[in-house]
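Student: sequence unknown, structure follows:
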């Protein structure tokens, strides 16, 4: 990997403008992030099972119960046009 980080190019890709000091700070921040990633890559993970979530607990879910009745006539009362329980909309594709 090259030691060069082209902050001006990255800023252009992100469509942002950076003054000189902000560019220097951003470059140092990126170097720190890359160094941390390199340290994490060096850690041996042999024998460690992959996990889907770092916590062992399960999420509490509410009971899957019907809590209200659907009244199509009430919902369709404000629609400009309906027919046989369907909403009628203008055709937009020929």
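Tutor: That came in fine, so what should we check first? All values derive from a computational prediction rather than experimental measurement. Numbering: from 1, shown residues only.
Student: what mean pLDDT does stretch 86-94 get?
Tutor: Stretch 86-94 carries an average pLDDT of 89.
Student: quick one: contacts of stretch 53-60?
Tutor: Stretch 53-60 is contacted by no other residue when judged by C-beta atoms under 8 Å, 6 or more residues apart in numbering. Where you see a C-beta, it was placed from the backbone N, CA and C, and this is true even at glycine.
Student: I'd like the mean pLDDT over it, please.
Tutor: Here stretch 53-60 scores 75 as its mean pLDDT.
Student: now the helices: where do they sit in the chain?
Tutor: Secondary structure of the chain (DSSP state H): helices at 7-14, 20-41, 72-76.
Student: and those, which one is worst for confidence?
Tutor: Mean pLDDT is lowest for helix 72-76 among the helices of the chain, at a mean of 90.
Student: rewinding a little: got TSV for the helices of the chain, with mean neighbour count and distance to residue 86 too?
Tutor: Shown next, in TSV, are these (neighbours: other C-beta atoms under 10 Å; distance: least, C-beta to C-beta, whole Å):
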stretch	mean neighbour count	distance to residue 86
helix 7-14	12	46
helix 20-41	11	54
helix 72-76	10	9
